[in-house]
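[1] Sequence first, predicted model second:
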Amino acid sequence: MDVSTIAKNAMPSIVSITNQSVQEVQNYFSMFGYGAQTPQTEETTSCGSGIIVSQDADNLYIATNNHVVEGADSLTVAFSDNTTVSAEIKGTDPSTDLAVIRVALSSIDSDTLNTIKVATLGNSDDLKAGQAAIAIGNALGYGQSVTTGVISALNREVTVSDSNSNTNYTAELIQTSAAINPGNSGGALLNAAGEVIG
């Protein structure tokens, strides 16, 4: 399949995720001993992506990165038709930076339900360096975008800090030349058959 066909088939499985949270910020004056020492807070918004990986009688389940949903006070999911609904965190694994969120089917109108679908999962163990790779996600928070490249290398060891437990762990990752921008986190890396492989 060509890239446009792969993207057209995969887009209904990819969502944009908006995380709204309240974070404590340093008061500039209190850093230097002036004014009240009370903590200041501000509302922040961040964007990421997700992949619809399963559906049961009541919910859609969406895989994403833990850092996309971490600290969320509220989560909003936008589907490929730009319809938005609320979501909640089902489970997280900070040490592998993975999370699953769920959306109640009852909150999705029938027209949107007819446009979305569960992603087709592939097998990353079958990858070889040089194979085509397509990334789809909410790049820079502007909505779905598509980039292409190749599988540059496999089993790249990267050491990452887990801020929750103050420990480091080493992850074996897929390296790709497909452009990955802020907001793509949690989105799909696809093979030439349109299957999710990362």
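    Thanks, I have the structure now.

[2] is it true that M11 lies in a helix?
    Yes - checked against DSSP: H, G, I helix; E, B strand; the rest coil, M11 lies within a helix.

[3] isn't K117 right next to P12, touching?
    Yes - under the criterion of CB atoms under 8 Å, K117 makes contact with P12 at 4.7 Å. Every residue, glycine included, has its C-beta placed from N, CA and C.

[4] got a list of what the residue lying closest to G198 once chain neighbours are set aside touches?
    Nearest residue to G198, sequence neighbours excluded (CB to CB, 6 or more residues apart in numbering): L189, at 3.6 Å. Going by CB atoms under 8 Å, 6 or more residues apart in numbering, L189 touches 133-135, 174, 176, 178, 196-198.

[5] what's across from N65 in the sheet?
    L98 (DSSP bridges).

[6] Now do it against D81, distance only.
    Distance, N65 to D81, by CB to CB, to the nearest Å: 23 Å.

[7] Report the separation between the residue nearest to G198 and L140.
    With CB to CB as the criterion, L189 and L140 are 18 Å apart.

[8] Can I take it that S46 is in a strand?
    Yes - assigned with three-state DSSP, S46 falls within a strand.

[9] For this structure, just list every one of the helices.
    If DSSP state H is used as the criterion, the helices of the chain fall at 3-10, 66-69, 110-113.

[10] what's the most buried one of those?
    helix 66-69 (a mean of 22; mean count of other CB atoms under 10 Å).

[11] what comes into contact with that helix?
    By CB under 8 Å, 6+ apart, helix 66-69 touches 17, 19, 46, 48-50, 75, 89, 92-94, 96-99, 101, 185-186.

[12] Same drill for N65 and D81, tell me which one is more crowded.
    Between N65 and D81, N65 has the larger neighbour count (other CB atoms under 10 Å), namely 20 against 13.

[13] The more buried one and V100 touch, don't they?
    No - N65 lies out of contact with V100 (CB under 8 Å); the separation is 10.9 Å.

[14] how about low-confidence regions in this structure?
    The chain contains residues with pLDDT under 70 at 23, 25-39, 162-165.

[15] can you map out the strands along it?
    For the chain, the strands defined by DSSP state E cover 14-25, 40-55, 59-65, 74-78, 84-93, 98-104, 132-137, 145-162, 167-176, 188-190.

[16] Strand partners (parallel or antiparallel) of the fourth one?
    In this case it means strand 74-78. Neighbouring strands of strand 74-78 in its sheet, by DSSP bridges, are strand 14-25 (antiparallel), strand 84-93 (antiparallel).

[17] Buried residues of the longest one, list them for me.
    Going by neighbour count (16 or more other CB atoms under 10 Å), the buried part of strand 14-25 is 14-19, 21.

[18] Make JSON lines out of the residues you listed and add distance to L105.
    Listed next are these as JSON lines, based on distance: CB to CB, whole Å:
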{"residue": "I14", "distance to L105": "18"}
{"residue": "V15", "distance to L105": "14"}
{"residue": "S16", "distance to L105": "19"}
{"residue": "I17", "distance to L105": "18"}
{"residue": "T18", "distance to L105": "20"}
{"residue": "N19", "distance to L105": "22"}
{"residue": "S21", "distance to L105": "26"}
